[in-house]
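Undergrad: What follows is a predicted protein model with its sequence.
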Amino acid sequence: MYCRMLLPSIALLLVVGCQAQSQPLPKSAKLGPEKVAAIAERIDSRYPKLSDDLRSQMLSTVVRSLDEMVFIEGGEFEMGDFGAPCDFDQTNMGTWPYGYEPDELCPITGKFDDDYLHQVRLSSYYLASYQTRLGDFDVFRASLGLPLFDEVLRERGFFHENKPAPTMKWQEAKDYCLWLGGLSGHAIDLPTEAQWEYAARNRGKYVHYPTDTGSLNYGKNIPKDEETNELAIGQFAPGPLGLYDMAGNATDWVNDWYDPEYYRNSPSENPQGPESGTQKVRRGSSISELNWQAANTVRRWPEPPASTRHFPDSSFRCAIQSGQSLN
């Protein structure tokens, strides 16, 4: 049974039920009523002791998350740093190879272990159009009885429910996606590094920046460089596939372990990254970086999978590891 939320603090929803009149199940743009009802029943059976309000928020989170998934048709592409003119114009990139021979181009990045081009074939999948909202991440934590983090910084306005969910650990991002998958009935996980780049490059095209135009239009498709705090998700035009904020606001964790030589040894079919490692891969760029330099589609870098606090510029988005219909 689902009801209107009456309490402002989500933590209280763990122990306080809702006595208001029951409300209809949320409507979905992609899911039929039977699918929504099945998700509701799954939530009720797994979390019978949670309040009606919290279970209602969980249902809304799952349904909206599926509605916001973008279908990415699989295909083959050349993964890695494909090069750019040595004197490129970030505001008007044009079409690769920009009138040059490919071997006349300069590397897009410096020392980021991305310069070995290799063929990759991906099956179809879905990728979240937005990074995970902090509000949804709060629902996840509350459902597991975990405390909400950084109360002091919340009071100072650093965290907002519609900003990207900040992570302290890679495992937090992984666990959220698996939680979403368990409740939705779909195989949801973090995207692989190859899936992230393929989508950022508009299905593997030679696209320099993951924006609507492939160029940077400050304040319209990428934050202005003078911005210093993370913005709410979806403030700028999406890329051609309908993906928002693939660079410029917060970075994305991906599923892969990091190996500087992996591109030279990567399998061509649906690469999953190394089997083990000590660091995980992050993709995209954050608001603290210069966009012309960092917001490209090919940069990759290692990061320890755990830190000592939640960083606003370290976020994630989830992927459905199947191309089958959501309904």
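TA: Sure, I can see it.

Undergrad: For the chain, name the helix or strand with the lowest mean pLDDT.
TA: helix 151-155 (a mean of 70; mean pLDDT, DSSP states H and E).

Undergrad: Follow the chain on from it and name the next helix or strand.
TA: Remark: after helix 151-155, the chain's next helix or strand is strand 167-169, criterion DSSP states H and E.

Undergrad: pLDDT averaged over the helix or strand immediately after that next one in the chain - what is it?
TA: The helix or strand immediately downstream of strand 167-169 is helix 170-184, counting by DSSP H and E. Across helix 170-184, pLDDT averages out at 98.

Undergrad: residues touching the closest residue to Ile39 other than its chain neighbours, list them.
TA: Distances taken as Cβ to Cβ, 6 or more residues apart in numbering place Val62 nearest to Ile39, at 5.4 Å, with adjacent residues excluded. To be clear about C-beta, it is placed using only N, CA and C from the backbone, and glycine gets the same treatment. Going by Cβ atoms under 8 Å, 6 or more residues apart in numbering, Val62 touches 39, 43, 180, 183-184.

Undergrad: circling back: please state the offset of the least confident helix or strand of the chain from the chain centre?
TA: In terms of Cα atoms, centre = their mean, to the nearest Å, the gap separating the centre of helix 151-155 from the centre of its chain is 24 Å.

Undergrad: can you list the residues that contact it?
TA: 148, 159.

Undergrad: Stretch 128-141 too?
TA: 10, 54, 57-58, 61, 65, 68-70, 147-149, 159-166, 173, 175-176, 179-180, 233-234, 238, 242-245, 249-250, 252, 315-319.

Undergrad: Which of the residues you listed are buried, as a ChimeraX select command?
TA: The following ChimeraX line selects those of those that are buried, judged by 16 or more other Cβ atoms under 10 Å:
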select :10,54,57,58,61,65,68,69,70,149,159,160,163,164,165,166,173,176,179,180,233,234,238,243,244,245,249,250,252,315,316,317,318,319
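
Undergrad: wait, isn't Phe149 in contact with His310?
TA: Yes. Shown here, Phe149 and His310 form a contact pair, counting by Cβ atoms under 8 Å, at 5.4 Å.

Undergrad: so what's Asn217 up against?
TA: 91, 211 are the contacts of Asn217 under Cβ under 8 Å, 6+ apart.

Undergrad: from the contacts of Val62, which two are the most distant?
TA: Across the contacts of Val62, no pair lies farther apart than Ile43 and Leu180, at 11.6 Å, counting by Cβ to Cβ.

Undergrad: All the helices of this protein, residue numbers only.
TA: 33-46, 52-67, 134-143, 151-155, 170-184, 193-200, 262-265, 291-294 (DSSP state H).

Undergrad: got the angle for the longest one vs helix 170-184?
TA: Meaning helix 52-67. Going by axes from the mean of the first three to the mean of the last three Cα atoms, to 10 degrees, helix 52-67 is angled at 90 degrees with respect to helix 170-184.
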